[in-house]
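Trainee: Below are the sequence and a predicted model; questions follow.
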Amino acid sequence: MTHRRIQKVLIANRGEIAVRIIRTCRELGLATVAVFSDADRTAPHVRLADEAYRIGPAPSALSYLVPEKILEAARKSGADAIHPGYGFLSENADFAEACEAAGLCFIGPPAAAIRAMGDKTAARRLMEEAGVPMAPGTTDAVEDLEAAARLAAEIGYPVLIKAAAGGGGKGMRIVETPEAFARTMEAAQREAQAAFGDGRVFLEKYILRPRHIEFQILADAHGNVVHLFERECSIQRRHQKVIEEAPSSALTPEVRARMGRAAVQAARSCGYVNAGTVEFLVDEDLNFYFMEMNTRLQVEHPVTEAVTGLDLVAEQIRIAEGAPLGYTQAELTLHGHAVECRVYAEDPANDFLPAPGRLLRHAPPDGFGVRVDAGVEQGGEVQIHYDPMIAKLTTWGRTRAEAVRRMARALDEYDVAGVPTTIPFCRFVMAHEAFRRGDLSTHFVADHFDPAALTPDDPALDRAAAVAAVLYRAAEAPTAAEVRDAPALPPSRWQMRRWAG
Ligand code: MV4
């Protein structure tokens, strides 16, 4: 009962997620259209697509974020559908509407669902009606200072002031005492106005030491909604997730089932169709509270794919075509455990300062149970204009311990030169006792991470590696052409560590 067949998909994104979407399109036999800024002329996503269109200069505000440029490329190419990926225009309701108005299928939720969940107070009202548990707080924006202060006292300190137009931690302020309330609320309103052009704020009780656990949902156009279990994303810094896993080691089957039902209810309450994520905070007693719903495919979706065996992009495309889900909730089961590490060009020894630059070497790991989603390749550049992610590394194991051991092995094998990366940080976490125990909270990095504990790169080892590379090539008796074309790069640092040790 498929309503429309998609034949050509324009991917309105770049980097690893554009590559990931193109791959599934090819498997489904769909033609692909890439778009690129001047900085991305030679990027992997451009080469991998069937055709590619320039959409402007490097800054995303002049390229990937401009609806008209994307729609023009769609018209020129004859694409019949647009996949927005994550970030950029993915949660822009006006863009989703503009696609449909131009006769293009937007591979994502209806504009109305994006809008409802984008306004965090509207989302809280919907969740209240749907009976989804939330942190105590206001379901409407608060305006009057004195009334708001009374509400804060009723809720009980500490309270959190959040921006109605915010999300993902943007525009959040903790208030510890009644004395600080008025001052903090005025600052929060001003900040929200400046950041979002919308100064409305609301209040929530501040949940101490929570875990961040989110449920993946899928909804088809026929009223079927299922959840694909949860991802735990508690290991973050500055609201940026670094390590995610599925399932969460904290949930019991009973709590998982209750949270899954709540997530499905949340999706139903806003008429959701396509893939979405319902975020919860979970406290130490496994009470859970709705936070927000993300109306896009998420960065960390590979861990869900690993434990369910479903290709989420293929599911999104089928749903957009009007096909019914091919399974019921009862037919979905968890298989094993998956961990994802995000490899960023950032310096973990220097407050995770972004460090864009050229990848002189990029030799990611592979082998059984290892998946790499990379958006940059050796010789390519991590651009200053965009997110500094190099790749996502996902491992699967029959048990959590196996997935974690496999991740530790894969991180050791991962060889990057040219930019500092978050790999040493991820190694630190994989080896940490609290992580191995599954003792996680959103305070994990603050509680446990000490940059001094990172194993610094050893310049002597690098020199030894360079010498070894020369000897290795000499022993192989290379031809003149091989010598001319050989990259002057050392073998893996990991190999060197083994030889040295
Ligand atoms: C909270 C909270 C504690 N109590 N809400 C940050 C991102 C946004 N989705 C919600 N966030 C939080 N909301 C209440 N009522 C703590 C956070 C929070 C957080 C949440 C998930 C992951 C990391 C975090 C880091 C700091 C604060």
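Mentor: Perfect, thanks for sending it. Numbers count the residues shown, from 1 in each chain.
Trainee: My reading is that Glu245 lies in a strand. Confirm?
Mentor: Yes - secondary structure of Glu245 (DSSP: H, G, I helix; E, B strand; the rest coil): part of a strand.
Trainee: Neighbours of the residue nearest to it when sequence neighbours are not counted, how many?
Mentor: Counting by Cβ to Cβ, 6 or more residues apart in numbering, Val339 is the residue found nearest to Glu245 once chain neighbours are left out, at 4.7 Å. Where you see a C-beta, it was placed from the backbone N, CA and C, and this is true even at glycine. The tally of other residues near Val339 (other Cβ atoms under 10 Å) stands at 27.
Trainee: so which strand or helix has Val339?
Mentor: In the assignment (DSSP states H and E), Val339 maps to strand 337-344.
Trainee: thinking again about what came up before, and the gap between the residue nearest to Glu245 and Val404?
Mentor: Relative to Val404, Val339 is positioned 6 Å away (criterion: Cβ to Cβ, to the nearest Å).
Trainee: what sits in contact with each of the two?
Mentor: Contact criterion Cβ atoms under 8 Å, 6 or more residues apart in numbering; residues shared by Val339 and Val404: Thr395.
Trainee: Spell out the secondary structure type for Ser248.
Mentor: The three-state label given to Ser248 by three-state DSSP is coil.
Trainee: Ok, the one 10 residues further on next?
Mentor: Local secondary structure at Arg258 is given as helix here, using three-state DSSP.
Trainee: for the stretch 151-300 of the chain, what spans make up the strands?
Mentor: 159-163, 173-175, 201-205, 211-219, 225-237, 240-246, 274-282, 288-294 (DSSP state E, counting those that start in this stretch).
Trainee: Tell me if the second one is near the ligand.
Mentor: No - with Cβ under 6 Å from any ligand atom as the threshold, strand 173-175 lies outside contact range of the ligand, at a closest distance of 8.2 Å.
Trainee: And for the residue nearest to Ile235 when sequence neighbours are not counted, the neighbour number?
Mentor: Among residues not flanking Ile235 along the chain, Ile243 sits closest, at 4.2 Å (Cβ to Cβ, 6+ apart). When counting by other Cβ under 10 Å, one arrives at 24 neighbours for Ile243.
Trainee: Dig out what Ile243 forms beta bridges with.
Mentor: Judged by DSSP bridges, the bridge partners of Ile243 are Ile235, Cys341.
Trainee: Select, out of the strands of the stretch 151-300 of the chain, the one closest to Ile22.
Mentor: strand 274-282 (17.4 Å; Cβ to Cβ).
Trainee: Paired strands for that closest one, with orientation please.
Mentor: Based on DSSP bridges, the pairing partners of strand 274-282 within the sheet are strand 211-219 (antiparallel), strand 288-294 (antiparallel).
Trainee: mind checking which of those is nearest the ligand?
Mentor: The minimum distance between the ligand and the strands paired with strand 274-282 falls on strand 211-219, with 3.6 Å, by Cβ to the nearest ligand atom.
Trainee: Could you say which helix or strand holds Leu471?
Mentor: helix 459-475.
Trainee: you'd agree Asn102 is up against Ala73?
Mentor: To be clear, residue 102 is Ala; Asn isn't right here. No - with contact defined as Cβ atoms under 8 Å, Ala102 and Ala73 do not form a contacting pair (11.6 Å).
Trainee: Those two: which is more packed in?
Mentor: Neighbours around Ala102 and Ala73, counted as other Cβ under 10 Å, are more numerous at Ala73. The numbers are 22 against 14.
Trainee: can you pull the contacts of that one?
Mentor: Ala73 sits in contact with 10, 33, 35, 53, 55, 79, where contact means Cβ under 8 Å, 6+ apart.
Trainee: Can you add distance to Gly380, mean pLDDT and mean neighbour count and give the strands paired with strand 274-282 back as a markdown table?
Mentor: Formatted as a markdown table, the strands paired with strand 274-282 follow (distance: least, Cβ to Cβ, whole Å; pLDDT from 0 to 100; neighbours: other Cβ atoms under 10 Å):
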| stretch | distance to Gly380 | mean pLDDT | mean neighbour count |
| --- | --- | --- | --- |
| strand 211-219 | 31 | 98 | 25 |
| strand 288-294 | 29 | 98 | 24 |
